[in-house]
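J.: coordinates only, sequence not included:
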């Protein structure tokens, strides 16, 4: 099964794939007029489409049927918002985005923290990796990658935008403060927001701010994990708990 | 906390760090005679040592005390043996070894499978990455990385070497055959062996062979995961279940 993406696809009318998707269908896979391809809008929908014009720069397609039946594609109703401070080495964030999207994440926001060594990271490359990972893993939802905001601003936004029921967690490294294991803190079928700090951890002030806003402190096991490993550990925990 | 490694360290007598560890202690961290360093033998022990001779190529140390108290270092009694087919792209295996050791794994064996695109991968670079990840994550056990063997040979060995109580799992991708979720198949405080196949999955014959040998078939959630992502998902599941 090969999954294509077009943000413009819908059940009504023709649609043109962008240059990269057109090249992949027509030049790489040598698809022709009349062939059938599976196209997602990255918002949970999957369309079986017929190729109307096999142009390798602007392939025109026509939706035949909206379905997810029998193609192995997945759309999770329960969703994790991962907020993570970018690592000093951008390759580690690229790796994280690829793996988090493969395993399953609803949204990723970059965090500017008091101890961040890197406060800015361009999201365009991360977005391309997210798209590629979505197609690879047959997910039908393309997680937004939001540019860096301060933890303070994120918490304010999260409280406004997230449902009251969502589990809100902060994974900090201060082992002398009370923390629950993340596996015990997450509940099946309940959305979650998880904060992961930079190499130097969250500051005392940031931890206090999150706790005041109702975030629960969690630990990610006994090992000292790098930022990107900690973030993927949280993503995997969320998916495991929802797969039980 | 900075962790050093010497396979020769024990509670009795002087010991000399290898060239890389000596350079790191003396040249990079500028440690001097009389300074205290923490050294593990990679077999579950941690020694507080005093530097006797701060030579940046062969630093001599003397153990003062064997302890793990208060240093955050971890040694897991329950252990996972990950057997995984090398990916075509060796960088993906390097990444996997780093992350699996950070999160916690007891042993890694490379598998030669019927559908493997790569059947050989040198283990020396993987061993260096495992050592570095062990120190980074403050683990006291250095997981062996075993060179590639066929699935048939691995199963025979695993049955001889692993305790009868260990949970034996094969993660295959045939969604039409019965499989349990890995989270349901693993039990806390019980060792496990998990088989992860190559890009093209295990062959029918390999799956039958593993099932005959008592391996349980498991799924790793609804997403289609790359080999290295599937392997790390299994490692994280094992650690989460043992951290509850």
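T.: That came in fine, so what should we check first? Since we're looking at a predicted model, the values are computed, not measured.
J.: how's chain A carved up into domains?
T.: Following automatic domain parsing, one finds the domains of chain A at A:3-66, A:80-243.
J.: and chain B, which of the ones you listed is closest to it?
T.: Of all these, it is domain A:80-243 that lies closest to chain B, at 4.1 Å by Cβ to the nearest Cβ. (C-beta placed from N, C-alpha, C; glycine too.)
J.: does that closest one reach chain B?
T.: Yes. Residues of domain A:80-243 contacting chain B under Cβ under 8 Å from any Cβ of the partner chain: A:95, A:99, A:102-104, A:136-139, A:175, A:181-184, A:221-226, A:229, A:232-233, A:236-237, A:239-241, A:243.
J.: which ones among those residues map onto strands?
T.: Of the residues of domain A:80-243 next to chain B, the ones assigned to strands by DSSP state E are residue A:181.
J.: tell me, please, where in chain A the pLDDT is lower than the cut-off.
T.: Applying pLDDT under 70 to chain A flags the ranges A:69-71, A:244.
J.: which residues in it form strands?
T.: A:3-5, A:15-16, A:36-40, A:46-53, A:60-66, A:80-84, A:107-112, A:145-150, A:167-171, A:180-181, A:192-196, A:216-219.
J.: what is the first one packed up against?
T.: Yep, that's strand A:3-5 we're talking about. strand A:36-40, helix A:123-136 (3 or more Cβ pairs under 8 Å, 6 or more residues apart in numbering or on different chains; DSSP states H and E).
J.: ok and the longest one relative to strand A:107-112, angle-wise?
T.: Comparing the axes of helix A:123-136 and strand A:107-112 via axes from the mean of the first three to the mean of the last three Cα atoms, to 10 degrees yields an angle of 150 degrees.
J.: and for the shortest one?
T.: Interaxial angle, strand A:36-40 versus strand A:107-112 (the same axes, to 10 degrees): 40 degrees.
J.: sheet-wise, list the partners of strand A:36-40 with their directions.
T.: Using DSSP bridges, the strands paired with strand A:36-40 in its sheet are strand A:3-5 (parallel), strand A:46-53 (antiparallel).
J.: what's the most buried one of those?
T.: Mean neighbours per residue, mean count of other Cβ atoms under 10 Å in any protein chain shown, is largest over the strands paired with strand A:36-40 for strand A:3-5, with a mean of 20.
J.: how distant is that one from the center of its chain?
T.: 17 Å (Cα atoms, centre = their mean, to the nearest Å).
J.: does residue A:45 touch residue A:141 like I think?
T.: No. In this structure, residue A:45 is not within contact of residue A:141 by Cβ atoms under 8 Å, at 9.5 Å.
J.: return the residues in contact with residue A:207.
T.: A:170, A:172, A:174, A:177, A:217 (Cβ atoms under 8 Å, 6 or more residues apart in numbering or on different chains).
J.: wait, doesn't residue A:109 sit right on residue A:80?
T.: No. Look at residue A:109 against residue A:80 with Cβ under 8 Å: they stay out of range, at 11.6 Å.
J.: ok, the two, which is more surrounded?
T.: residue A:80 (27 against 20; other Cβ atoms under 10 Å in any protein chain shown).
J.: now do residue A:206: how many residues are near it, please.
T.: So residue A:206, with other Cβ under 10 Å, has 23 neighbours.
J.: skipping its backbone neighbours, what lies nearest it in space?
T.: Closest residue to residue A:206 apart from its sequence neighbours, by Cβ to Cβ, 6 or more residues apart in numbering or on different chains: residue A:151 at 5.0 Å.
J.: wait, that neighbour touches residue A:213, no?
T.: No. Applying Cβ under 8 Å, one finds residue A:151 not in contact with residue A:213, separated by 10.0 Å.
J.: give me the number of residues near residue A:172?
T.: Residue A:172: 23 neighbours (other Cβ under 10 Å).
J.: helices or strands up against the helix ranked longest in chain A?
T.: The longest helix of chain A (DSSP state H) is helix A:227-243. Using 3+ Cβ pairs under 8 Å, 6+ apart, the elements in contact with helix A:227-243 are strand A:80-84, helix A:90-103, strand A:167-171, helix A:182-185, strand A:192-196, helix B:90-103, helix B:182-185, helix B:227-243.
J.: dump those to JSON lines, plus distance to residue A:12.
T.: Shown next, in JSON lines, are the helices and strands packed on helix A:227-243 (distance: least, Cβ to Cβ, whole Å):
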{"stretch": "strand A:80-84", "distance to residue A:12": "31"}
{"stretch": "helix A:90-103", "distance to residue A:12": "28"}
{"stretch": "strand A:167-171", "distance to residue A:12": "38"}
{"stretch": "helix A:182-185", "distance to residue A:12": "43"}
{"stretch": "strand A:192-196", "distance to residue A:12": "35"}
{"stretch": "helix B:90-103", "distance to residue A:12": "41"}
{"stretch": "helix B:182-185", "distance to residue A:12": "41"}
{"stretch": "helix B:227-243", "distance to residue A:12": "36"}
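J.: nearest to residue A:54, out of the ones you listed?
T.: helix A:90-103 (28.9 Å; Cβ to Cβ).
J.: run through who's touching the closest one.
T.: A:82, A:84, A:86-87, A:108, A:110, A:118, A:121, A:125-126, A:129-130, A:132-134, A:136-137, A:139, A:143, A:145, A:226-228, A:231-232, A:235-236, A:239, B:95, B:221, B:223, B:225-226, B:229, B:232-233.
J.: show the buried residues in these.
T.: Buried positions within the contacts of helix A:90-103, assessed by neighbour count (16 or more other Cβ atoms under 10 Å in any protein chain shown), are A:82, A:84, A:86-87, A:108, A:110, A:118, A:121, A:126, A:129-130, A:132-134, A:136-137, A:139, A:143, A:145, A:226-228, A:231-232, A:235-236, A:239, B:95, B:221, B:223, B:225-226, B:229, B:232-233.
J.: pretty sure residue A:76 contacts residue A:107?
T.: No. The pair residue A:76 / residue A:107 is not scored as a contact, 11.9 Å apart, by Cβ under 8 Å.
J.: name the residue in those two with the higher neighbour count.
T.: Using other Cβ under 10 Å, the more surrounded residue of residue A:76 and residue A:107 is residue A:76, with 20 against 17.
J.: distance check, the more buried one against residue B:155.
T.: 35 Å (Cβ to Cβ, to the nearest Å).
J.: now swap in residue A:3 and tell me
T.: For residue A:3 relative to residue B:155 (Cβ to Cβ), the value is 34 Å.
J.: isn't residue A:154 right up against residue A:83?
T.: Yes. Assessed by Cβ under 8 Å, residue A:154 is found in contact with residue A:83 at 5.5 Å.
J.: overlap in contacts, these two.
T.: A:109, A:111, A:195.
J.: which residues touch the spatially closest residue to the last one that is not a sequence neighbour?
T.: By that I understand residue A:195. Spatially, and ignoring its direct neighbours in sequence, residue A:195 is nearest to residue A:170 (4.4 Å; Cβ to Cβ, 6+ apart). With contact taken as Cβ under 8 Å, 6+ apart, residue A:170 is in contact with A:194-195, A:202, A:207, A:210-211, A:215-218.
J.: in JSON lines, list those residues along with distance to residue A:41.
T.: Shown next, in JSON lines, are these (distance: Cβ to Cβ, whole Å):
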{"residue": "A:194", "distance to residue A:41": "27"}
{"residue": "A:195", "distance to residue A:41": "30"}
{"residue": "A:202", "distance to residue A:41": "36"}
{"residue": "A:207", "distance to residue A:41": "39"}
{"residue": "A:210", "distance to residue A:41": "34"}
{"residue": "A:211", "distance to residue A:41": "39"}
{"residue": "A:215", "distance to residue A:41": "33"}
{"residue": "A:216", "distance to residue A:41": "35"}
{"residue": "A:217", "distance to residue A:41": "38"}
{"residue": "A:218", "distance to residue A:41": "34"}
